[in-house]
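S.K.: pasting the sequence and the predicted model now:
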Amino acid sequence: MSLVILSNDAKEQTDLVSSIQSIYKPWSFRNSLSSTMEIPANAQLALTSAKISLDGQISLAAGEKILYVYIGRVLTGDQTIQNSNSYPIKVKLFEDQPGVVVTDTKGLADETERALNKFITHPHYAKRSVVSVNRNATTGEFEGYKFELKQTSSSEGLLPSAPGSVDMIAASRDMFSLRARATPLLRRYTITASANNGVTLTPLANNIFTNHILATTFEPTVDTPPISLTGGSVTFDISKCIGNIPAGSGSNLNSDFICGLSRYCTQGQRAANNRIGPAYYYWGHSAHTAPGEPMNKLGRCFADFVLVNSNGELRLFDTATYGVAARAGAGGNRRSPRWREIDYTQGGTQAAPFNTLYNTTQNNGRFDKVKFTTTGEQIKIELIDTQGNSSTLYSYSQLRRDGVTPRSLGENFKPIDQSCESLVPVMGLYIEGVAGAGNNPQDYSITLERYTCIDLTDIPNVAYTTDFATYEADPVNTIIPWFNRVEQELPVDASRIITSIDNRALRLTDPPYGGMSINDQFTGCWNPVILTSPSPIYAHAQGANTMRLYGFSELNGIAGGIPPWVDEGEDADDQFVYSLVSSETPTALSSKSIFVRVDNFNQTSTNAANGNKSGIIAHLPRFDGQQQTGRLFFEPKNLIYLDLNNPAPMKINSFDISFVYSDETYCTSLVGSSIVTLHIRKKGSTD
């Protein structure tokens, strides 16, 4: 009597808006009629044909759920991981499902995106990964997956601002003693809001001039993320601990101080006395030439990059293994991180006042502030005078300032490597024996005045934490620095993993420290590499086994460089987008039978699989030799008619069609356009 043609997309387009809308999904859709259709009494209904596009299912065995992401310089030629400042990050799929996992292409894309956003903690990539199903632009067929890893260059100035100041005060932690960190009453200083809404460290008024260094770091919290590595900066006001400020005042407030940047440590060092620092850090065996007492005190705490006023001279220190003699004695010959002095005078080739160690008691430059700027793997330090003019104390270069002589390892800071990619401000005072006439402890202070950190406004409700338990409890809304995650999640392996980076004695010419691109402010030393199989070049990717799952066999499981990554430039959120697509179409299988159901008629069938009545009208069988996924066409040879149970004529204005499995759940593996043709006839008719 009547042939009815139904589709979720009348034009059979592939970039369907309708696939997003509830009534037009390829597995469940409604076709409304422009005029009412009358069906005669005692009518019957049969499926005559169906066309679908099936992505299929993916079955992951218990161990087939591992890939790695490396963010760093792309290794080429005969380079190995020893030429890098980065370490592959293990990404685990379906962590809470240890056995076999069955999913579809969208389910795998969603899970991969979730896992990348959990495990990638680089401050400029964290929570910015997108994974989607890649389809043929013409046919809409499944062709693999598209990875988008986004690098942000956005930053925000946290200080000065009144709310920021309060949050910074609340986040301050002692970095000298674990006991003092846990018990504020044991601290010998206070952290308060300064007049310009910065934060000021001041010795306690009722305390004697202490022989302890008063040091504090700022724990990453929701309002104090790490410093931006794309031109972020931190400025310290040192006018209350450096000589001749203001000029002619006769003030004698010159004292030993430190200020700079450090990763935030939660663990105790191997040294005694509850000191704070990485477990593998050897505080008592520093290689430095500074006068003993202040630096010995400084040696009892940990920081990554600091400027030190020691006995009236400015000195620079980092913590590194290369360029430092191995430690002999108890425990054997070890090259473990310790304090290392950086010669900013560069062999005496720099013009005054920095051709020798700068004298802070005379302070001829009338400097009252110091500014640290981070750019990629590089650090720059400027001193700012009372008029606001800047002078560069140190900046990264492969050559000394004569432009000819290469710098030695001791004339450059270590690069900002993966273990210290999440840096926060650190500052402190050491005021033993420096009290001038009429000066009290509270007359000395150092102020964190400005701080430019990672901008999290594009990923709201996300907080930084340094506690692994907090991160594991809510990985969607928390970011933990890589260093803190490794030291707490893998305490046995942490020293090996992290020192494998620290111990790489990178030569300054192979390769140079990475910085920003001049043209687009993109940081090229942070290129993404996907490792879906073990790699002899990048190493440390044991167990990677998702090469065929994502369609990277033609790349041997290693997707790095441009190509195969494509630099798509800057998006609307000021993020630079790297995209990667599968090199071949992964194999998916159709392991479940599919049925067609009409949801708004009165026909009935019995689904004995679940023991209920059903609206299923036909089975779409799989035949030997037929492809299992992609575009599939079904045309039953024998039509099975079901009664519509309508004793009187029935007027209808729509058809509701669903594709379901035997348990009556939707077949969400369908994509693109679905077409169904139905034959409606009067019972007993042969038409």
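M.R.: Yes, it's here.
S.K.: CA only for contacts and neighbour counts going forward, please
M.R.: Fine.
S.K.: endpoints of stretch 630-639, how far apart?
M.R.: The straight-line separation of the ends of stretch 630-639 (C-alpha to C-alpha, to the nearest Å) is 25 Å.
S.K.: again, but for stretch 636-652
M.R.: Start and end residues of stretch 636-652 are separated by 26 Å (C-alpha to C-alpha).
S.K.: distance between it and the chain's centre?
M.R.: With C-alpha atoms, centre = their mean, to the nearest Å as the basis, stretch 636-652 stands 57 Å off its chain's centre.
S.K.: pLDDT of that stretch, averaged?
M.R.: The average pLDDT for stretch 636-652 rounds to 91.
S.K.: same check on stretch 578-592?
M.R.: 82.
S.K.: in stretch 528-537, which residues are buried?
M.R.: Within stretch 528-537, the residues scored as buried using 16 or more other C-alpha atoms under 10 Å are 528, 529, 530, 531, 532, 533, 534, 537.
S.K.: reformat these as JSON lines; add distance to residue 140, secondary structure and pLDDT.
M.R.: Output for the buried residues of stretch 528-537, formatted as JSON lines (distance: C-alpha to C-alpha, whole Å; DSSP: H, G, I helix; E, B strand; the rest coil; pLDDT from 0 to 100):
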{"residue": "528", "distance to residue 140": "28", "secondary structure": "strand", "pLDDT": "93"}
{"residue": "529", "distance to residue 140": "28", "secondary structure": "strand", "pLDDT": "94"}
{"residue": "530", "distance to residue 140": "26", "secondary structure": "strand", "pLDDT": "95"}
{"residue": "531", "distance to residue 140": "28", "secondary structure": "strand", "pLDDT": "94"}
{"residue": "532", "distance to residue 140": "26", "secondary structure": "coil", "pLDDT": "94"}
{"residue": "533", "distance to residue 140": "29", "secondary structure": "coil", "pLDDT": "93"}
{"residue": "534", "distance to residue 140": "32", "secondary structure": "coil", "pLDDT": "92"}
{"residue": "537", "distance to residue 140": "36", "secondary structure": "coil", "pLDDT": "90"}
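S.K.: tell me the SS of residue 318?
M.R.: Under the three-state scheme (DSSP: H, G, I helix; E, B strand; the rest coil), residue 318 adopts strand.
S.K.: again with residue 554
M.R.: Here residue 554 is recorded as helix under three-state DSSP.
S.K.: find the nearest non-adjacent residue to it, please.
M.R.: residue 583 (6.1 Å; C-alpha to C-alpha, 6 or more residues apart in numbering).
S.K.: distance of that neighbour from residue 559?
M.R.: From residue 583 across to residue 559, the span is 9 Å (C-alpha to C-alpha).
S.K.: now what about stretch 367-376, what contacts it?
M.R.: Residues outside stretch 367-376 that contact it (C-alpha atoms under 8 Å, 6 or more residues apart in numbering): 227-239, 242, 245, 260, 379-386, 416, 514-516, 523, 525.
S.K.: out of those residues, which are buried?
M.R.: 227-239, 242, 245, 260, 379-385, 416, 514-516, 523, 525.
S.K.: what about those residues, which are in helices?
M.R.: In helices, judged by DSSP state H, none of the buried ones among the contacts of stretch 367-376 are found.
S.K.: which residue is nearest the centroid of this structure?
M.R.: By C-alpha atoms, centre = their mean, the mean C-alpha position of the chain lies nearest to residue 126, the distance being 2.2 Å.
S.K.: quick check: that residue touching residue 117?
M.R.: Yes: the criterion here is C-alpha atoms under 8 Å, and residue 126 meets it with residue 117 at 6.3 Å.
S.K.: now do the SS call for residue 501.
M.R.: Here residue 501 is recorded as helix under three-state DSSP.
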